[in-house]
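**Student:** Just a sequence and a predicted model for now, questions to come.
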Amino acid sequence: MAPKNDGSAKKVVMNKGAWTAEEDQKLSQYIEIHGAKRWKTVAVKAGLNRCGKSCRLRWLNYLRPNIKRGNISDAEEDLILRLHKLLGNRWSLIAGRLPGRTDNEIKNYWNSHLCKKINKEKPIETSTEKEIAPEKPSRVISHHVDTEGVKLGSTGNNSEGNFDVNEFLDFTSTTELGSCGLEWVNKFLELDEDSWLIEKS
DNA sequence: AACGAAGTCAACCGCTAATTT
DNA sequence: GAAATTAGCGGTTGACTTCGT
């Protein structure tokens, strides 16, 4: 697959490109025993000539248990659309609301399916969307949010009564895609979304 | 059947945030 | 508190597949 170290070079050349079944197996086995942390160590100890980042990505997107692949249902699609409207290109947050789905998959799905779909349905409204989700929304928004007491990816506190995305989106006890949890999205969309967004900026 | 265009998606890259030393 | 290391994110790329001519 990827170029291997021929032994003559001192510098270790990492494998790149598609993962082989053997690599997958090594990674899965290692994580099963030792857990998924310290990816650099995982890569070395699992005997993978890969960087930690690559291992992490592979695990999260493919090897992790309970991963759903393909066949995104109408309900899921609807949820993605709604969440994207709310959150912009914050794929990991969106993915967090879709059990078994990964940010990468949702991002790809968005770029290849939904983006066009939306442009077809309402080509003019793209400007509105841009206002909500500007070109570099993820970092910008997360900075705003972070500084206001919302820690993304960790336990945020909501001491000032500010809106806490994580808390709000924490439906671990209620969100099963069976019901798809669309009610909460609907509820939220009923709120004065614009005023909330303006307040945040 | 052959070929190019368009679509899809796995993986990489660069960056920031969070954590550890 | 500073520096180094690790984790995580979103954007982008490129290989592969499918579709249309």
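**Tutor:** On my side now, so go ahead. Quick caveat, the model's predicted, so the values are computed rather than measured.
**Student:** Can you give the domain ranges for chain A?
**Tutor:** As recorded under automatic domain parsing, the domains making up chain A are A:21-63, A:74-200.
**Student:** first to last residue in stretch A:57-71, what's the distance?
**Tutor:** Here the two ends of stretch A:57-71 are set 21 Å apart, with distance taken as Cα to Cα, to the nearest Å.
**Student:** Tell me, how many residues neighbour A:Arg50?
**Tutor:** 24 (other Cβ atoms under 10 Å). Using the backbone N, CA and C atoms, a C-beta is placed for each residue, glycine as well.
**Student:** isn't it right next to A:Ala43, touching?
**Tutor:** Yes - between A:Arg50 and A:Ala43 a contact is recorded at 5.1 Å, counting by Cβ atoms under 8 Å.
**Student:** how far away is A:Ile33 from A:Lys45?
**Tutor:** Distance, A:Ile33 to A:Lys45, using Cβ to Cβ, to the nearest Å: 10 Å.
**Student:** that older thread, which one of the domains of chain A has the lowest average pLDDT?
**Tutor:** Set side by side, these differ in mean pLDDT, and domain A:74-200 is lowest with a mean of 60.
**Student:** quick revisit: A:Ile33 and A:Lys45: which has the busier surroundings?
**Tutor:** The neighbour comparison of A:Ile33 against A:Lys45 (other Cβ under 10 Å) goes to A:Lys45, with 13 against 9.
**Student:** so the more buried one touches A:Ile31, yeah?
**Tutor:** No - look at A:Lys45 against A:Ile31 with Cβ under 8 Å: they stay out of range, at 10.5 Å.
**Student:** Which residue ranges of chain A form helices?
**Tutor:** Along chain A, counting by DSSP state H, helices occupy A:21-34, A:39-45, A:52-58, A:74-87, A:91-96, A:103-109, A:115-121, A:126-132, A:137-147, A:165-169, A:182-190, A:193-200.
**Student:** and the fifth one, is it in reach of DNA strand C?
**Tutor:** Right, helix A:91-96. Yes - using Cβ under 7 Å from any atom of the strand, helix A:91-96 reaches DNA strand C at A:91-93.
**Student:** ok, the residue nearest to A:Trp91 when sequence neighbours are not counted to A:Gly52 distance?
**Tutor:** Sequence neighbours aside, A:Asp103 is the residue nearest to A:Trp91 in space, at 3.8 Å (criterion: Cβ to Cβ, 6 or more residues apart in numbering). According to Cβ to Cβ, A:Asp103 and A:Gly52 sit 18 Å apart.
**Student:** Looking at the two now, which is surrounded by more residues?
**Tutor:** A:Asp103 (18 against 15).
**Student:** on that earlier part again, buried only: go through the residues of helix A:91-96 next to DNA strand C for me.
**Tutor:** Burial by neighbour count, 16 or more other Cβ atoms under 10 Å: within the residues of helix A:91-96 next to DNA strand C this picks out A:91-93.
**Student:** of the residues you listed, closest to A:Lys107?
**Tutor:** Nearest to A:Lys107 among those, counting by Cβ to Cβ, is A:Trp91 at 4.5 Å.
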